[in-house]
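Asks: Provided below are the primary sequence and the corresponding predicted coordinates.
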Amino acid sequence: VEEEGRGFSLTRTENSVVTAIAYLQPATRAELSRLVGKEVSRDTIARLKRLDLVAAGPRMPAIGAPLTYVTTNAFLCLFGLASLRDLPDIEALED
């Protein structure tokens, strides 16, 4: 995504991570790393949070109670979505 009005662009990894969060939310960093196929750094998550595209979600009810991440209203606006129900069907994306 490149958004001139917002003054930023996302790297391929950041785009993959925010997309994965949108579909899986709430999602842990470990889940995101498995899905993306490489370690998702805290820096990547921090940048997405600074851009107000993701926020902290509820703690996962698992050992260590890992943090989870969810998308924000700013994410919906940036991608032109009224709600998460407007995300493309994941199966359609795979085709």
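Replies: That came through fine.

Asks: residue nearest the centroid of the protein?
Replies: Val18 (2.2 Å; Cα atoms, centre = their mean).

Asks: what does the model give Ile90 for pLDDT?
Replies: Confidence at Ile90, expressed as pLDDT, is 75.

Asks: Likewise for Asp52?
Replies: 96.

Asks: Verify the stated contact: Thr28 with Gly64.
Replies: No. Using Cβ atoms under 8 Å, Thr28 is not in contact with Gly64; the gap is 9.9 Å. To be clear about C-beta, it is placed using only N, CA and C from the backbone, and glycine gets the same treatment.

Asks: Those two: which is more packed in?
Replies: Thr28 (19 against 8; other Cβ atoms under 10 Å).

Asks: check contacts around the more buried one.
Replies: Met60, Pro66, Leu67, Thr68, Tyr69 (Cβ atoms under 8 Å, 6 or more residues apart in numbering).

Asks: how near is the nearest residue to the first one once chain neighbours are set aside to Gly57?
Replies: With sequence-adjacent residues excluded and distances taken as Cβ to Cβ, 6 or more residues apart in numbering, Met60 is closest to Pro66, at 4.8 Å. Taking Cβ to Cβ, to the nearest Å as the measure, Pro66 and Gly57 are separated by 10 Å.

Asks: Those two: which has the busier surroundings?
Replies: Gly57 (16 against 13).

Asks: and the gap between the more buried one and Gly37?
Replies: 22 Å.

Asks: In the chain, where's the longest helix?
Replies: The residue-count maximum for a helix in the chain (DSSP state H) belongs to helix 12-24.

Asks: any idea which helix or strand comes after that helix?
Replies: Downstream of helix 12-24, the first helix or strand assigned by DSSP states H and E is helix 29-36.

Asks: List the buried residues in that following helix.
Replies: Neighbour counts over helix 29-36 (16 or more other Cβ atoms under 10 Å) mark Arg29, Glu31, Leu32, Leu35, Val36 as buried.

Asks: Can you list the low-confidence ranges for the protein?
Replies: 1-7, 92-95 (pLDDT under 70).

Asks: redo that, cut-off 50
Replies: When residues are selected by pLDDT under 50, those of the chain lie in 1-5.

Asks: residue ranges of the strands in it, please?
Replies: 2-3, 8-9, 54-56, 69-71 (DSSP state E).
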